[in-house]
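J.: model this:
(chains A and B)
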There are 2 protein chains.
Amino acid sequence: MSATETYARTDRTTGRRRDRMSYDRAAVHAVIDEALVCHVGFVDEDGQPHVVPTIPWRVDDTLYVHGAKASRLMKVMASGAPVCITVALLDGLVLARSAFNHSMNYRSVMAYGRCVAVEDPEEKARILAPLSDKLVPGRAQAARWPNAKELAATAVVGLALDEVALKARSGPPKDDAEDMDHPVWAGVLPLRLTAGTPEPDAALAPGITAGMPQGA
Amino acid sequence: MSATETYARTDRTTGRRRDRMSYDRAAVHAVIDEALVCHVGFVDEDGQPHVVPTIPWRVDDTLYVHGAKASRLMKVMASGAPVCITVALLDGLVLARSAFNHSMNYRSVMAYGRCVAVEDPEEKARILAPLSDKLVPGRAQAARWPNAKELAATAVVGLALDEVALKARSGPPKDDAEDMDHPVWAGVLPLRLTAGTPEPDAALAPGITAGMPQGA
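T.: Purely as a prediction, here's the structure:
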C-alpha cells in the first residue's frame, strides 16, 4: 500500500470546478470498490477515441480490468497505450427550482496512465480471485476455478493508480435567491443500483447455497 | 425520423462477438432514453484519451449532451472533434458454475461521429425541454425556465446517430457440460438503478406538487 493519503494533482487531474475535486486515496478506492462498471478510453491508429465499458476491481493501489485475450480492448491495454479509465457512480437527481440549476449527485474517478499486463499464471489467478469475490462474497472459493487454458485465454491488465482524481457532488439543490418562491418541488431523488430477486439457472440442483447471492 | 429501421454497420461498429451486436434503431433509442449517464471519449492535442460522464438525451435521431459553455468537454465537442459516446446499462450479474464463464447482462450503445453545437437560443430551448422531462415528467413546464443569460451559458451539442451499434447480453449463464454438476449456485442476479425516497429541499414550502418525482 502507498504511504501517502492523497494522489498528487496534475494538470490533467485539475478540474475547472475545484470545489468538486478530491485526491483522497481512500475515497478513490471506495468508488472503484463499489462500481460494477468502468469506461476505458483509448485512441486507435487513426486518432479516433473509443470508449468501452467493463468491470473494474482493485488490489492495493492498482485498478484491474480483464477480458478475452483476443479482444481489441485487451490488446490495446496490454500494449501500454495511454488510457483514461473513468469510474462513475450516480447517486441522485438534483431537482432545483430553476431548470438551469438542476444537477446530479455523483462520484466519478478518472485515472490516467498506461496499463501493464499480468502474464504470470499464478499472479493472474491471485489477482482474479478478488474479482469473483466482488460479485458475490465467497464466489472465488465456490466456483470452479479457471484451468490453465482458461487462464491463458484471459487477459488481465492493471493500471497503477498514480494520476487520479475524484470528482463528486452531493447535497441539496442550490437555487438562486430570486427563485426560492417558484412553486415547483425541489430536492434530491436518490438513485442506487439495486439487486432484484436472484434467478436460479434452470438446471440448478435444489439446495445449493455455496456462492449464492443474498436473497437467492 | 429516419426511414430505415437499422443503422448501417461499419468497420468500427463491427464487434468481435457478432452474436451480441445489433443495429436496430428502436433498440438503440430505448437505451439512450433509459440511461441517465453516458461516457464521452475525446482525444486531446497530445493524443491522450479522456472519458467524461454526463447525461444523454435524445430528440429524433440525435443524441444530445449539454454543459457549461466554459467547460473543456463542451469546447471540444462543439469544435466538431471526433468523439465516441458510450451509453451502457447494467442489467445483471451472470453467475456461472465456472469462474471463467461468469459474465454480465447489459445493453451498451456506442456512437461515433462529430458533434454539432446548437447555437440558436430558440432551438436550444426546444432541445433542452425534453432533458428536464426525462428527469421528471412535466419538469420542463414546472421549473423556472432558463433566461437568456442562462441559455447563453449552456452549451448543447448533438451527435447525429449514424455510425452506431448496440452490444448486449441477456439470459442465463452458459456453462460447459462438464461443469454442470459443480456444487455452486448459478443464475442471474438482476440489477437495476432504482429511486429511493425523494428528499425535499429544507426550504421547500409544504404542499407543492408541481414537477414532483414519484414517491415524493
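J.: Report the buried residues of the top helix by length along chain A.
T.: Ordering each helix of chain A by length in residues (DSSP state H) puts helix A:121-135 first. With burial defined by 16 or more other Cβ atoms under 10 Å in any protein chain shown, the residues of helix A:121-135 counted as buried are A:124, A:125, A:127, A:128, A:129, A:131, A:132, A:133, A:134, A:135. All C-beta atoms are positioned from the backbone trio N, CA, C, and that covers glycine.
J.: repeat for stretch A:158-176
T.: Those would be A:158-161, A:163-169, A:172-173, A:175, for stretch A:158-176 by 16+ other Cβ under 10 Å.
J.: what mean pLDDT does it have?
T.: Averaging pLDDT along stretch A:158-176 gives 98.
J.: Stretch A:54-74 now?
T.: Here the average pLDDT along stretch A:54-74 is 97.
J.: Quote the end-to-end distance of that stretch.
T.: 11 Å (Cα to Cα, to the nearest Å).
J.: what about chain A, any weak spots by pLDDT?
T.: Scanning chain A for pLDDT under 70 picks out the ranges A:1-3, A:216.
J.: Which stretches in it count as strands?
T.: Per DSSP state E, chain A carries strands over the ranges A:21-22, A:38-43, A:49-54, A:57-59, A:62-68, A:82-95, A:103-114, A:116-117, A:154-160, A:163-169, A:187-195, A:199-200.
J.: which of the buried residues of stretch A:158-176 come close to chain B?
T.: Restricting the buried residues of stretch A:158-176 to those touching chain B (Cβ under 8 Å from any Cβ of the partner chain) yields A:172, A:173, A:175.
J.: Residue A:49: which of those residues is nearest?
T.: Nearest to residue A:49 out of those is residue A:173 (Cβ to Cβ; 32.9 Å).
J.: count of residues packed around the residue lying closest to the closest one once chain neighbours are set aside?
T.: Leaving aside its chain neighbours, residue A:173 sits nearest to residue A:96 (3.7 Å; criterion: Cβ to Cβ, 6 or more residues apart in numbering or on different chains). Applying other Cβ atoms under 10 Å in any protein chain shown, we find 22 residues neighbouring residue A:96.
J.: Likewise for residue A:145?
T.: That count, for residue A:145 with other Cβ under 10 Å as the rule, works out to 16.
J.: hey, which of the strands of chain A is tucked in deepest?
T.: strand A:38-43 (a mean of 26; mean count of other Cβ atoms under 10 Å in any protein chain shown).
J.: Wondering if the longest helix of chain A reaches chain B at all.
T.: Yes - residues of helix A:121-135 are located near chain B by Cβ under 8 Å from any Cβ, namely A:128, A:132, A:135.
J.: That helix to strand A:154-160, inter-axis angle?
T.: For helix A:121-135 against strand A:154-160, the angle by axes from the mean of the first three to the mean of the last three Cα atoms, to 10 degrees is 80 degrees.
J.: What lies in contact with helix A:121-135?
T.: By Cβ atoms under 8 Å, 6 or more residues apart in numbering or on different chains, the list of residues contacting helix A:121-135 from outside reads A:33, A:55, A:57-59, A:64, A:66, A:118, A:139-140, A:143, A:145-146, A:148, A:151-152, A:154, A:156, A:158, B:93, B:95, B:99, B:102.
J.: ok and that helix relative to strand B:103-114, angle-wise?
T.: Here helix A:121-135 runs at an angle of 90 degrees relative to strand B:103-114 (the same axes, to 10 degrees).
J.: gap between stretch A:57-70 and the chain center?
T.: 11 Å (Cα atoms, centre = their mean, to the nearest Å).
J.: Just the C-alpha atoms of that stretch, please, in PDB.
T.: Output of stretch A:57-70 as PDB, limited to C-alpha atoms (Å, rounded to 0.1, in the frame of the first residue of the first chain):
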ATOM      1  CA  TRP A  57     -11.700  -4.100  -9.500                       C
ATOM      2  CA  ARG A  58      -8.800  -3.100  -7.200                       C
ATOM      3  CA  VAL A  59      -5.900  -4.800  -5.500                       C
ATOM      4  CA  ASP A  60      -3.900  -2.500  -3.300                       C
ATOM      5  CA  ASP A  61      -3.300   0.700  -5.300                       C
ATOM      6  CA  THR A  62      -3.900  -0.900  -8.800                       C
ATOM      7  CA  LEU A  63      -7.100  -0.900 -10.800                       C
ATOM      8  CA  TYR A  64      -7.600  -4.000 -12.900                       C
ATOM      9  CA  VAL A  65      -9.700  -5.000 -15.800                       C
ATOM     10  CA  HIS A  66      -9.900  -8.200 -17.700                       C
ATOM     11  CA  GLY A  67     -11.200  -9.700 -20.900                       C
ATOM     12  CA  ALA A  68     -10.600 -12.200 -23.700                       C
ATOM     13  CA  LYS A  69      -7.000 -12.100 -24.700                       C
ATOM     14  CA  ALA A  70      -8.300 -11.900 -28.400                       C
END
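J.: And chain B, is stretch A:182-198 touching that?
T.: Yes - residues of stretch A:182-198 are located near chain B by Cβ under 8 Å from any Cβ, namely A:182-198.
J.: swap that for stretch A:66-86, sorry
T.: Yes - using Cβ under 8 Å from any Cβ, stretch A:66-86 comes into contact with chain B via A:68, A:70, A:71, A:72, A:82, A:83, A:84, A:85, A:86.
J.: now stretch A:35-54: how far from the chain's centre is it?
T.: How far stretch A:35-54 lies from its chain's middle: 13 Å, per Cα atoms, centre = their mean.
J.: tell me the contacts of the nearest residue to residue A:4 once chain neighbours are set aside?
T.: Nearest non-adjacent residue to residue A:4, counting by Cβ to Cβ, 6+ apart: residue A:25, 7.2 Å away. For residue A:25, the contact set (Cβ under 8 Å, 6+ apart) comprises A:2, A:4, A:5, A:6, A:7, A:61, A:161.
J.: Then residue A:109?
T.: Applying Cβ under 8 Å, 6+ apart, the residues near residue A:109 are A:28, A:31, A:32, A:86, A:87, A:88, A:164, A:165, A:166.
J.: Next, give me the two most distant ones among the residues you listed.
T.: A:88 and A:164 (13.8 Å).
J.: List the residues that contact the residue lying closest to residue A:65 once chain neighbours are set aside.
T.: Nearest residue to residue A:65, sequence neighbours excluded (Cβ to Cβ, 6+ apart): residue A:54, at 5.0 Å. Residue A:54 makes contact with A:37, A:38, A:40, A:65, A:66, A:67, A:73 under the criterion Cβ under 8 Å, 6+ apart.
J.: again, only using 7 Å
T.: Residue A:54 is in contact with A:38, A:40, A:65, A:67, counting by Cβ atoms under 7 Å, 6 or more residues apart in numbering or on different chains.
J.: Could you single out the nearest of those to residue B:204?
T.: For these, the nearest to residue B:204 is residue A:38 (35.8 Å; Cβ to Cβ).
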